[in-house]
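Engineer: Provided below are the primary sequence and the corresponding predicted coordinates.
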Amino acid sequence: MCSLQNCETFLNEKKKLIKKITMTKNTVGWKFDNTYSKLPKSLLTKLSPHPVKTPILKLFNQTLSEEIGLDFSEISENEIALIFSGNKLPNGSETIAQAYAGHQFGHFTLLGDGRALIIGEHLTKKKKRIDIQFKGSGRTPYSRNGDGRAAFSPMLREYIISEAMHGLGIPTTRSLAVVKTGETVLRETALEGAILTRVASSHIRVGTFQYAFLSKDKNDLKILLEYTINRHYPHLNDFKNPAIELLKIVMDKQIKLVTHWMRVGFVHGVMNTDNMTLSGETIDYGPCAFMDRYDPKTVFSSIDYHGRYAYFNQPGITGWNLRRLAESLMPLISQKSDKAVEIASEVLNNFGEKYKIEWLGMMRKKLGLKGEELDDENLIVNLLSWMHINQVDYTNTFNFLTSPNISEDKIYNDESFIDWKDQWKKRLKINNNSLEESHKLMRASNPAVIPRNHKVQDALNFASENNDLTKIHDLLKVLKNPYVDNNKLANYQSVPKLGSEKYETFCGT
């Protein structure tokens, strides 16, 4: 038996523990309503994340947490680390790995979440449904020869780039937390392991439909279509042919998305069909990067040997991926294959024209042009050609037009550029456009700062070598408001020296 004092101490500690557990269960704000897990078993696998050795919270997105209605203020960092490592899942979670297929660099493969698990669908205070997903949580039935794990530095990088994309106003998955696992991941060398928690409207991909199309149960495709429409585009249920309407809306979403990429010089790097979402969000930040000097053939991915996913190829690949989606939807577009091809082709044949209209509209905003003039395309192309020939920075050139002091680069004294600028100023005066209005339009379209590859790498190297995330926090702070220019940005606007080693990115597996 214990003494009275010892019993009181024990009871008090027990009360504290019960209170802490109750807070974890109730005050964080999790509201899981898991629907994808109720789809046919052929489309997913239910399994638990593999526990990790020593989870330590390294990055946590407080702003995003508040936006989605979660409050972790009453629990410790250690407790948060347990949650976002998968060692202690919140009540209501239901972990699944999704099955999907994909054309990877043009070659069709059966795939799935090889190192990711959706822990559940959380409903925000505004009733928005979002997937909460772990990346690097261990092996799944779809891992093939992979270990199902992720390394610390690539997960930090995805956190930085995805949050930068959000700041740039581009539809994207987002990052909620990065946890070190206390374990080693073997790649070319031994690396520190980590798990990223990311948030998305869903993880339904073109590749998900490709997988369902090949299912032995032909009803799977219809079920997936109905689920996708009810989750993302319920108004399509009012149409006679929901399948073709889904193709139309996904095409419009993807055109807008890739136009955003082109606007800021973003190169995705791995535009496989399993990395194109039906929601229109950017997903998978493995071999992506941002272009510095303008070159339409820019490639960063270490495995893109032939430039399939180069900067200027991105619109074409978007169209190619949409054709793969159309192929998967054929049985639902029409029972007659010839008729299905005819209906789908009528939609897809508009892709080129729709993209060009969207791209021209975007470029007019970057140059502050109001209205539409026949010679606008020549004016745009001439500037891009000048940048390419002279190896001039893409982002800084557009900023130079509104803030001439942004760069002391003598290249802007080039006679060809001055001639082009005179033509541009004449065009600005058309349609009763004031210079102030043009500059306002330009500043809203042209970021003052992007996640420069050398700056991102410097922050990652510093974090890895010194176990210090100060530079990452500083970079994230700058990237949160990329359209606000000030005298503190010069360091983040600098361009790497010509002739410096080519920047390469990797998929992380």
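Structural biologist: Cool, the structure landed.

Engineer: from now on I want contacts and neighbour counts done on CA atoms only, so please keep to that.
Structural biologist: Will do.

Engineer: for the protein, what spans make up the strands?
Structural biologist: Shown for the chain, the strands assigned by DSSP state E span residues 44-46, 56-60, 96-104, 107-112, 116-123, 129-135, 150-151, 174-186, 190-200, 266-267, 289-290.

Engineer: can you redo the ones you listed as TSV with distance to residue 254, mean pLDDT and mean neighbour count?
Structural biologist: Shown next, in TSV, are these (distance: least, C-alpha to C-alpha, whole Å; pLDDT from 0 to 100; neighbours: other C-alpha atoms under 10 Å):
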stretch	distance to residue 254	mean pLDDT	mean neighbour count
strand 44-46	25	98	18
strand 56-60	29	98	19
strand 96-104	17	96	23
strand 107-112	21	94	16
strand 116-123	24	98	26
strand 129-135	20	98	23
strand 150-151	28	95	26
strand 174-186	18	96	22
strand 190-200	16	96	23
strand 266-267	15	98	24
strand 289-290	19	96	23
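
Engineer: out of those strands, nearest to residue 333?
Structural biologist: With C-alpha to C-alpha, the closest approach to residue 333 among the strands of the chain belongs to strand 96-104: 20.5 Å.

Engineer: which strands or helices does the closest one pack on?
Structural biologist: Counting contacts by 3 or more C-alpha pairs under 8 Å, 6 or more residues apart in numbering; DSSP states H and E, strand 96-104 is packed against strand 44-46, strand 107-112, strand 116-123, helix 206-213.

Engineer: who does the second one pair up with?
Structural biologist: By that I understand strand 107-112. strand 96-104 (antiparallel) (DSSP bridges).

Engineer: list of residues touching the strand it pairs with?
Structural biologist: 37, 42-48, 108-114, 116-120, 140, 142, 205-212, 270-274 (C-alpha atoms under 8 Å, 6 or more residues apart in numbering).

Engineer: could you list the low-pLDDT ranges of this structure?
Structural biologist: 1-26, 404-408, 499-501, 505-509 (pLDDT under 70).

Engineer: report the separation between residue 413 and residue 242.
Structural biologist: Separation of residue 413 from residue 242 (C-alpha to C-alpha, to the nearest Å): 55 Å.

Engineer: quick one: which of these two has more around it?
Structural biologist: Shown here are residue 413 and residue 242; by other C-alpha atoms under 10 Å, residue 242 has more neighbours (20 against 10).

Engineer: roughly how far apart are the more buried one and residue 328?
Structural biologist: Counting by C-alpha to C-alpha - residue 242 and residue 328 are separated by 14 Å.

Engineer: repeat for residue 145
Structural biologist: 28 Å.

Engineer: those two: which is more packed in?
Structural biologist: The residue with more neighbours, out of residue 145 and residue 328, is residue 328; 21 against 8, by other C-alpha under 10 Å.

Engineer: next one: that one from residue 182, what distance?
Structural biologist: On the measure of C-alpha to C-alpha, residue 328 and residue 182 end up 42 Å apart.

Engineer: look at residue 229 and say how many residues are nearby.
Structural biologist: 18.

Engineer: that one and residue 236 touch, don't they?
Structural biologist: Yes - assessed by C-alpha atoms under 8 Å, residue 229 is found in contact with residue 236 at 6.6 Å.

Engineer: okay, and the common contacts of those two?
Structural biologist: Between them, residue 229 and residue 236 share the contacting residues residue 246, judged by C-alpha under 8 Å, 6+ apart.

Engineer: now do the residue lying closest to residue 359 once chain neighbours are set aside against residue 366, distance only.
Structural biologist: Nearest residue to residue 359 in three dimensions, chain neighbours excluded: residue 259, at 5.9 Å (C-alpha to C-alpha, 6 or more residues apart in numbering). Look at residue 259 and residue 366: by C-alpha to C-alpha, they are 12 Å apart.

Engineer: what does residue 402 give?
Structural biologist: 10 Å.

Engineer: what does residue 239 give?
Structural biologist: 37 Å.

Engineer: same question for residue 64.
Structural biologist: The gap separating residue 64 from residue 366 is 29 Å, by C-alpha to C-alpha.

Engineer: between those two, which is the more surrounded one?
Structural biologist: The neighbour comparison of residue 64 against residue 366 (other C-alpha under 10 Å) goes to residue 366, with 24 against 16.

Engineer: so that one touches residue 438, yeah?
Structural biologist: No - taking contacts as C-alpha under 8 Å, residue 366 lies outside contact range of residue 438: 9.2 Å.

Engineer: find residues that contact each of the two.
Structural biologist: In contact with both residue 366 and residue 438: no residue, using C-alpha under 8 Å, 6+ apart.

Engineer: wait, isn't residue 482 in contact with residue 169?
Structural biologist: No - judged on C-alpha under 8 Å, residue 482 makes no contact with residue 169 at a distance of 9.6 Å.

Engineer: quick one, which of those two is more surrounded?
Structural biologist: Higher neighbour count among residue 482 and residue 169: residue 482, with 21 against 13, using other C-alpha under 10 Å.

Engineer: residue 202 reaches residue 130, doesn't it?
Structural biologist: Yes - in terms of C-alpha under 8 Å, residue 202 counts as a neighbour of residue 130; the distance is 6.2 Å.

Engineer: which residues does the closest residue in space to residue 194 that isn't next to it in sequence contact?
Structural biologist: Nearest non-adjacent residue to residue 194, counting by C-alpha to C-alpha, 6+ apart: residue 180, 4.2 Å away. With contact taken as C-alpha under 8 Å, 6+ apart, residue 180 is in contact with 54, 55, 56, 57, 58, 152, 192, 193, 194, 195.

Engineer: which residues does residue 180 form a beta bridge with?
Structural biologist: Where residue 180 sits in a bridge, its partners, by DSSP bridges, are residue 56, residue 194.

Engineer: could you dump the contacts of residue 180 into JSON lines and include distance to residue 433?
Structural biologist: As requested, the contacts of residue 180 are exported to JSON lines (distance: C-alpha to C-alpha, whole Å):
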{"residue": "54", "distance to residue 433": "60"}
{"residue": "55", "distance to residue 433": "57"}
{"residue": "56", "distance to residue 433": "55"}
{"residue": "57", "distance to residue 433": "51"}
{"residue": "58", "distance to residue 433": "49"}
{"residue": "152", "distance to residue 433": "50"}
{"residue": "192", "distance to residue 433": "55"}
{"residue": "193", "distance to residue 433": "55"}
{"residue": "194", "distance to residue 433": "52"}
{"residue": "195", "distance to residue 433": "51"}
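
Engineer: from those residues, pick the one nearest residue 387.
Structural biologist: residue 152 (36.2 Å).

Engineer: distance of the closest residue to residue 134 other than its chain neighbours relative to residue 223?
Structural biologist: In space, and not counting its chain neighbours, residue 134 is closest to residue 197: 4.6 Å by C-alpha to C-alpha, 6+ apart. Applying C-alpha to C-alpha, one obtains 28 Å for the distance of residue 197 from residue 223.
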